[in-house]
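Chemist: any chance you could fold what I've pasted below:
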Amino acid sequence: MFRKLAILLIVLLALSVLFTGCAKKEEKVEEEAALHIVIATDATWPPMEMVAENKEIVGFDIDLMAAVAEAGGFTYEFRNTAWDGIFAGLSTKEYDAVMSSVTITEERKETMDFSDPYINAGQILVVQKETTGVESLADMAGMSVGAQIGTTGAFAIEKAEGVTLKTYDEIGLAFEDLANGRIDGAVADTPVAADFALQNENYKGKLMIVGKPFTDEFYGIAVNKGNTAVLDAVNAGLAKVLNTDTYTAIEEKWLR
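Modeler: Here you go, the predicted structure:
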């Protein structure tokens, strides 16, 4: 009887070791299979991506990727990379993706794949903080609006009935005139407008963004052509984050 019990215990112990080993092996396989994405960004484009005083990379893109990765079930890291070589590094697989205020264009789509668009960074209107009753260029009839010369914003102002265009060689001069009351509004890319109106210490509290972008310039996350593993994971995460309170909070933090 004792012999039988001993044999039974040995069998049970062997099975326990076997199942434990299988479980650990499965856990190891799952850990190895977890997707980790290395992302290049040129952190010189506030408020989308920039280096904070503590040397950490912060910004709209950074916060959005954190939410996307959590929703998509993958891990990631950002690598600060100069813009002039950022796409070359992608093609040689120094990293897996580029998220750096990259506009989706037909030309770029010939050499790389893009995620679903995550923001329209088109032209937007900025006015003084105390301005009321203005939501679009159409509401600026009888007023003057500044923009950098030769930009889509300047062309849009020219087409707005009753609005006087004032052009500048550099968009910062338009915001300076706006803050000092020399013009009634300014038009710029959404991130540029947010940087001047919300982040710049000279203008914060004096200016505000109104309405929505009135031109289309969609940003996306670039990956090498055919890299479906990264693209599918990113798009899955984006689908769960876009048009949610999480996305709205990130937008309000950096762009409103």
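Chemist: bridging residues for residue 76?
Modeler: According to DSSP bridges, the residues that bridge with residue 76 are residue 37.
Chemist: what's around it, how many residues?
Modeler: When counting by other C-beta atoms under 10 Å, one arrives at 22 neighbours for residue 76. C-betas here are computed from N, CA, C, even on glycine.
Chemist: next: residue 102.
Modeler: By other C-beta under 10 Å, the residues close to residue 102 number 24.
Chemist: what's the answer for residue 224, then?
Modeler: Around residue 224 there are 18 other residues, counting by other C-beta under 10 Å.
Chemist: that one bridge partners, please.
Modeler: Residue 224 forms beta bridges with residue 112, as assigned by DSSP bridges.
Chemist: all helices of the stretch 101-250 of the chain, in order?
Modeler: 106-109, 152-159, 171-179, 190-194, 228-241, 245-255 (DSSP state H, counting those that start in this stretch).
Chemist: out of those helices, which one sits most buried?
Modeler: Using mean count of other C-beta atoms under 10 Å, the stretch among the helices of the stretch 101-250 of the chain with the greatest mean number of neighbours is helix 190-194 (a mean of 25).
Chemist: now it - C-alpha only, PDB.
Modeler: The C-alpha trace of helix 190-194 is given here as PDB (Å, rounded to 0.1, in the frame of the first residue of the first chain):
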ATOM      1  CA  THR A 190      -2.500  74.200 -35.800                       C
ATOM      2  CA  PRO A 191       0.700  73.200 -33.800                       C
ATOM      3  CA  VAL A 192       2.400  76.500 -34.600                       C
ATOM      4  CA  ALA A 193      -0.700  78.400 -33.400                       C
ATOM      5  CA  ALA A 194      -0.900  76.300 -30.300                       C
END
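Chemist: go ahead and flag the most central residue of this structure.
Modeler: Within the chain, one residue has its C-alpha closest to the average C-alpha position: by C-alpha atoms, centre = their mean, that is residue 61, at 3.0 Å.
Chemist: residues contacting that one?
Modeler: Residues in contact with residue 61, defined by C-beta atoms under 8 Å, 6 or more residues apart in numbering, are 41, 48, 49, 99, 100, 101.
Chemist: before we move on, the earlier item: dump the helices of the stretch 101-250 of the chain into TSV; add mean pLDDT as well.
Modeler: Supplementary listing: these in TSV, determined by pLDDT from 0 to 100:
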stretch	mean pLDDT
helix 106-109	95
helix 152-159	94
helix 171-179	96
helix 190-194	94
helix 228-241	98
helix 245-255	95
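Chemist: could you dump those into CSV and include distance to residue 122?
Modeler: As requested, the helices of the stretch 101-250 of the chain are exported to CSV (distance: least, C-beta to C-beta, whole Å):
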stretch, distance to residue 122
helix 106-109, 17
helix 152-159, 8
helix 171-179, 15
helix 190-194, 6
helix 228-241, 19
helix 245-255, 12
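Chemist: on the three-state scheme, the residue nearest to the centre of the chain is what?
Modeler: Using DSSP: H, G, I helix; E, B strand; the rest coil, the three-state assignment for residue 61 comes out as helix.
Chemist: brilliant, that's me finished.
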